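Trainee: Sequence plus predicted model, see below.
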Amino acid sequence: MFAWLFSANSHAADLTVGQTAPDFALVDQHGKTQRVSQYTGKWIVLYFYPKDDTPGCTEEACHFRDDIQQLQKLGVQVLGVSLDSAASHAEFSKKHGLPFPLLADTDGAVCASYQALFSLGPIKFAKRHSFIINPQGKIARLWRTVDTAQHSADIIQAVKELQALYK
């Protein structure tokens, strides 16, 4: 009955596998501007998460941290995105030793472009969605539901499968 309250960007076309990933310019925890387009030629894991230093978000980020060598061997750049500020990301990253950029989408525009924005009046946060973007900048895989304990392993398996298709 109230489903419309929980749908963000219902007017936007759903992103699908094969579409060009929306580009953006967001600042990371070190003040450096990051763009999808700067990683052309590389695989990208773009993951959206609700809030720095909350249990599920910490678990997910720390699994990516723990698996970073495997991801790097596969040529993957991990990018995390939430509505938190760059300063919040800096504290979160330092506290947990996160070796990848966390991007500050403080106005929610990038989250909205990926249909990953939850908005209910003044309450806004990123939904837990993830995308694998191939070296040509196309969406190769997406998750609208994520198990934070298993997600990094799921990503690694999916990247291996996708890379096998490109050989």
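Mentor: Here it is on my side, so go on.
Trainee: C-alpha only now, for contacts and for neighbours.
Mentor: OK.
Trainee: mind listing the strands for this structure?
Mentor: Ranges of strands within the chain are 26-28, 33-34, 43-48, 76-82, 102-104, 117-120, 123-126, 130-133, 139-143, based on DSSP state E.
Trainee: Relative to residue 155, how far out is the closest residue to residue 56 other than its chain neighbours?
Mentor: Nearest non-adjacent residue to residue 56, counting by C-alpha to C-alpha, 6 or more residues apart in numbering: residue 148, 6.1 Å away. Going from residue 148 to residue 155 by C-alpha to C-alpha, to the nearest Å gives 11 Å.
Trainee: Same check on residue 99?
Mentor: Residue 99 is 17 Å from residue 155, by C-alpha to C-alpha.
Trainee: one step back: can you put the strands of the chain in JSON lines and add mean pLDDT, mean neighbour count and distance to residue 166?
Mentor: Converted to JSON lines, the strands of the chain look like this (pLDDT from 0 to 100; neighbours: other C-alpha atoms under 10 Å; distance: least, C-alpha to C-alpha, whole Å):
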{"stretch": "strand 26-28", "mean pLDDT": "98", "mean neighbour count": "20", "distance to residue 166": "29"}
{"stretch": "strand 33-34", "mean pLDDT": "97", "mean neighbour count": "16", "distance to residue 166": "26"}
{"stretch": "strand 43-48", "mean pLDDT": "98", "mean neighbour count": "24", "distance to residue 166": "12"}
{"stretch": "strand 76-82", "mean pLDDT": "98", "mean neighbour count": "22", "distance to residue 166": "15"}
{"stretch": "strand 102-104", "mean pLDDT": "98", "mean neighbour count": "28", "distance to residue 166": "28"}
{"stretch": "strand 117-120", "mean pLDDT": "92", "mean neighbour count": "20", "distance to residue 166": "31"}
{"stretch": "strand 123-126", "mean pLDDT": "94", "mean neighbour count": "18", "distance to residue 166": "31"}
{"stretch": "strand 130-133", "mean pLDDT": "98", "mean neighbour count": "25", "distance to residue 166": "13"}
{"stretch": "strand 139-143", "mean pLDDT": "97", "mean neighbour count": "19", "distance to residue 166": "11"}
